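Colleague: could you work out the structure for the sequence below:
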Amino acid sequence: MSSDRILFYFDFVDPGSYLVHELFRSAPADAPGPARDVIYRPLELRPPPQPLQDPRAPGWQAMTEALAEVAGTLDLPFRVPALVPWTRKAHELALHAQERAGGVGTGATPLHHRLFRAHFDEGLDLGRVDVLVALAEEAGLDRSEVHAVLGVDRFVPLVEEARSQALDQGVRGVPTLILKDRWIEGFSGIETIRSVVQQGTPGSPQADSSIPPIDSPAAPGPFPSSGQSHA
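Modeller: I've put the predicted structure just below:
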């Protein structure tokens, strides 16, 4: 990986990940810095068979409502989701879209954007294969091929491997941005993310040896500090 690339660990149902994605997406094409060279890495908040995230849980609800306010300052659509589904199949589909675009483990495709908006704007269930197939078709992918790829779990090993690698690397939650040995954990404010877009300066290194086990509901999670971010 080129040293000036940014690793972006995300989940499609994480509000902070959605806002980071939108800030990268809205960066001008001629902006200085590495905004055009972001590597999207899937990281499920709740891999099956863990229980689904309860959207009414106090911590999650507070974070979501706070980031909905931030989305409003950016004129982004944001409907507080009534359901937080598993995203295993959505990540599989995103990897398929990357493969079709030229390489697994690369940057965002139009389907990435469509999946984020489907959850946070339209309230669609990203855990349903029929929903995913329809969204893939809208994004220009072959409907029959997508159905077959999801049906045989072709990209499950890559989704699981990405999670294991993230935890081994010390990633504790989503969103996480890594440039060289510098990290941003959580949605740390509009201007901070924009500084990454423009200059590639995510901040100071962070280290924590107390990474929870891979089968723990807390490994990883959304950062509670995300709900305290300000523009």
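
Colleague: so where is the protein shaky, pLDDT-wise?
Modeller: Where the chain drops to pLDDT under 70, the residues are 1-3, 29-36, 199-220, 224-231.

Colleague: just to check, Ala139 is in contact with Ala97?
Modeller: Yes. Between Ala139 and Ala97 there is a contact at 6.9 Å, judged by Cβ atoms under 8 Å. Where you see a C-beta, it was placed from the backbone N, CA and C, and this is true even at glycine.

Colleague: same drill for these two, tell me which one is more crowded.
Modeller: Ala97 (22 against 18; other Cβ atoms under 10 Å).

Colleague: what do Ala139 and Ala97 both touch?
Modeller: 109-111 (Cβ atoms under 8 Å, 6 or more residues apart in numbering).

Colleague: among those residues, which ones are buried?
Modeller: 109, 111 (16 or more other Cβ atoms under 10 Å).

Colleague: and which of the shared contacts of Ala139 and Ala97 is nearest Gln61?
Modeller: Gln61 has its nearest neighbour among the shared contacts of Ala139 and Ala97 in Leu111, at 28.3 Å by Cβ to Cβ.

Colleague: secondary structure element for that closest one?
Modeller: helix 110-120 (DSSP states H and E).

Colleague: OK, contacts around Gly123?
Modeller: Gly123 touches 79, 81-83, counting by Cβ under 8 Å, 6+ apart.

Colleague: and it, that's in a strand?
Modeller: No. Counting by DSSP: H, G, I helix; E, B strand; the rest coil, Gly123 is not part of a strand but coil.

Colleague: now it: phi and psi?
Modeller: Phi and psi for Gly123, reported as degrees, to the nearest 10, are phi 70, psi 30.

Colleague: tell me where the chain has helices.
Modeller: For the chain, the helices defined by DSSP state H cover 15-25, 58-73, 88-101, 110-120, 129-138, 143-151, 156-169, 190-199.

Colleague: send me the last one as PDB with only the CA atoms.
Modeller: Listed next in PDB are the C-alpha coordinates belonging to helix 190-199 (Å, rounded to 0.1, in the frame of the first residue of the first chain):
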ATOM      1  CA  ILE A 190     -16.100  18.100  10.100                       C
ATOM      2  CA  GLU A 191     -13.000  20.200  10.100                       C
ATOM      3  CA  THR A 192     -10.800  17.300  11.300                       C
ATOM      4  CA  ILE A 193     -12.000  15.100   8.500                       C
ATOM      5  CA  ARG A 194     -11.700  17.800   6.000                       C
ATOM      6  CA  SER A 195      -8.100  18.300   7.000                       C
ATOM      7  CA  VAL A 196      -7.500  14.700   6.100                       C
ATOM      8  CA  VAL A 197      -9.100  15.300   2.800                       C
ATOM      9  CA  GLN A 198      -7.000  18.300   2.000                       C
ATOM     10  CA  GLN A 199      -3.700  17.500   3.700                       C
END
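
Colleague: pull the distance from that helix to the chain's centre.
Modeller: Helix 190-199 has its C-alpha centroid displaced from the chain centroid by 17 Å (Cα atoms, centre = their mean, to the nearest Å).
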